[in-house]
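K.L.:
Provided below for reference: sequence and predicted model.
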Amino acid sequence: MASNDLCTREGALRLKERIESYWGERGYDVSIELTEAGFMPAMRSARTDVRSDMVNGMPRPANDRSSERRSP
């Protein structure tokens with residue numbers, strides 16, 4: 001399997017680590033999770049999605065994240 005395939009579990013994990021490292025070096029704490037999507041007929045394979053709390057690829061302001069945690 002190609003090392004640049006970001007839809008595999010291994011590729012999605014590498015992408016997650018790169019995103020966390022990139023924003024961590026800039027002082028942001030982003031929340032990223034991997035979600036198994038199962039077999040996709042169009043891809044003819046299983047897929048792993050990368051999900052985050054970012055908006056349009058940018059970390060959310062700290063006050064947005066802290067207010068979300070306090071909400072029930």
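P.N.:
Now that the structure is in, tell me what you want to look at.

K.L.:
Now residue 24: phi and psi?
P.N.:
When read as degrees, to the nearest 10, the backbone of residue 24 gives phi -60, psi -40.

K.L.:
now it, nearest residue through space, not along the chain?
P.N.:
Leaving aside its sequence neighbours, residue 24 sits nearest to residue 30 (CB to CB, 6 or more residues apart in numbering; 8.0 Å). Where C-beta positions appear, they are placed from N, C-alpha and C, glycine not excepted.

K.L.:
Residue 16: helix or strand, and which one exactly?
P.N.:
helix 9-25 (DSSP states H and E).

K.L.:
residues of that helix that come out buried?
P.N.:
Within helix 9-25, the residues that qualify as buried are 11-12, 15-16, 19-20, 23, counting by 16 or more other CB atoms under 10 Å.

K.L.:
Touching that helix from outside, list them.
P.N.:
1, 3-6, 29-30, 32, 34, 36, 48-50, 52, 59 (CB atoms under 8 Å, 6 or more residues apart in numbering).

K.L.:
any idea how far residue 16 lies from residue 57?
P.N.:
14 Å (CB to CB, to the nearest Å).
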